[in-house]
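*Asks:* give the three-dimensional model of this entry:
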Amino acid sequence: MGIIQELYRVINSRRGQSRPGSYTAYLFEQGEDKILKKVGEEAAEVIIAAKNGEATALTGEIADLIYHLLVLLAWHGLSPSDVRAVLAARRNKNLVDEVNTAHRPQERGMMVDNDSRRSMKNY
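*Replies:* As a prediction, the model looks like this:
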């Protein structure tokens, strides 16, 4: 089990539990608005650390953001596997698109038209 899945398992186990001293249980008790606020705060801190060029601070803030995103996933009954499936589908779609474009010489070199139609959700 990877660290993300292990952390998610612990986070999910805190849902619906009143555990004194548990930050995760506290977030669930406070509800979605509190969780969303923390996600926003951590995202802003990631941006600041990146702009400051502080590698140690950046990795720490990204870890905090990932933790809070995992809490948000658990709140909504989703899991890292759901996100992994979306990422895999997007990647596979792009591989197919790249192969299809490579086999149509008339579309080679016309990246402006292709880029304008390409969704930011696909990479």
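*Asks:* pull the number of nearby residues for the closest residue to L65 other than its chain neighbours.
*Replies:* Closest residue in space to L65, ignoring its immediate chain neighbours: E42 at 4.1 Å, by CB to CB, 6 or more residues apart in numbering. In short, each C-beta sits where N, CA and C put it, glycine included. By the other CB atoms under 10 Å criterion, the neighbourhood of E42 contains 19 residues.
*Asks:* again with D33
*Replies:* D33 has 8 neighbouring residues, counting by other CB under 10 Å.
*Asks:* so which strand or helix has the residue nearest to L65?
*Replies:* Secondary-structure assignment from DSSP states H and E places E42 in helix 32-51.
*Asks:* mind checking how far that helix is from the chain centre?
*Replies:* 13 Å (CA atoms, centre = their mean, to the nearest Å).
*Asks:* so A43 versus N12, what's the distance?
*Replies:* For A43, the distance to N12 (CB to CB, to the nearest Å) stands at 22 Å.
*Asks:* domains for this protein, by residue range?
*Replies:* 1-78, 79-123 (automatic domain parsing).
*Asks:* mean pLDDT for those: which is lowest?
*Replies:* Ranked by mean pLDDT, the domains of the chain end with domain 79-123 at the bottom, a mean of 66.
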